[in-house]
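Enquirer: pasting a predicted model and its sequence here:
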Amino acid sequence: MISTEFSLFGARKARAEGKSQAWLETYLEINNVGLKQGLQRRPRYWTGPELLPLDSLLRCCGPEAEMEYRMPRVEWERRLKKMQLNFVQLENFPPLITQYRSGIFSVRDGNTRHEVFSRQGITHCWTWIWYDTAEDLIRAGRNPAQAIFIDAIESSA
């Protein structure tokens, strides 16, 4: 049985048991169907969960003008407040999901968590990272032998 516990513990357990793909698919089916659908388009390499400096991970969603996915500030702050009220410790949250893009780690799932961590004074967080090519893995300083190759995130349909 795959671990569906969406915390750092569940993600690390899935990785140790060779069930990272199942964990990611199940997590995304429940929490971010749009991203899951995008990940179905082609194979990718994955690493993680790994602990990275929070300031090395760039959000793509929020109220700021430069965000790829804009959210009204009122809605953004409402989500942050709700998450902050339930904050106990970093390990209780699922790892962020980031994409390596031309030297940048772009947060593709977990932008709200990223901001909550920042406001809590957390300097590092856990993340899954996907790379579109083996060359990207090498450019990012990762060992391809330690990466997980996922042919494509599966559709539940």
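Expert: Done, it's in.

Enquirer: how many residues are close by A65?
Expert: Other residues lying near A65 total 6 when counted by other Cβ atoms under 10 Å. C-beta here means a position set from N, CA and C on the backbone, and glycine is covered the same way.

Enquirer: what distance do you get for it to L58?
Expert: 15 Å (Cβ to Cβ, to the nearest Å).

Enquirer: and the helix or strand harbouring G10, what other elements does it pack with?
Expert: Element membership of G10, judged by DSSP states H and E, is helix 8-16. If contacts are counted by 3 or more Cβ pairs under 8 Å, 6 or more residues apart in numbering; DSSP states H and E, helix 8-16 sits against helix 20-31, strand 44-53, strand 124-131.

Enquirer: burial check on N32, number of neighbours?
Expert: Tallying neighbours of N32 according to other Cβ under 10 Å, which is how burial is gauged here, yields 16.

Enquirer: state the pLDDT value of the closest residue in space to it that isn't next to it in sequence.
Expert: Setting aside the residues directly before and after it, N32 is nearest to D109 in space (Cβ to Cβ, 6 or more residues apart in numbering), at 4.9 Å. Per-residue pLDDT puts D109 at 93.

Enquirer: ok, E75 next?
Expert: The predicted local confidence for E75 comes out at a pLDDT of 96.

Enquirer: quick check: which ranges of this protein have low pLDDT?
Expert: When the per-residue scores of the chain are filtered using pLDDT under 70, the ranges that remain are 1-4, 152-157.

Enquirer: circling back: so which of the helices and strands packed on helix 8-16 gets nearest M71?
Expert: Using Cβ to Cβ as the measure, helix 20-31 is the one of those that comes nearest M71, at 15.9 Å.

Enquirer: got the contact list for R79?
Expert: Contacts here follow Cβ atoms under 8 Å, 6 or more residues apart in numbering; on that basis R79 touches T112.
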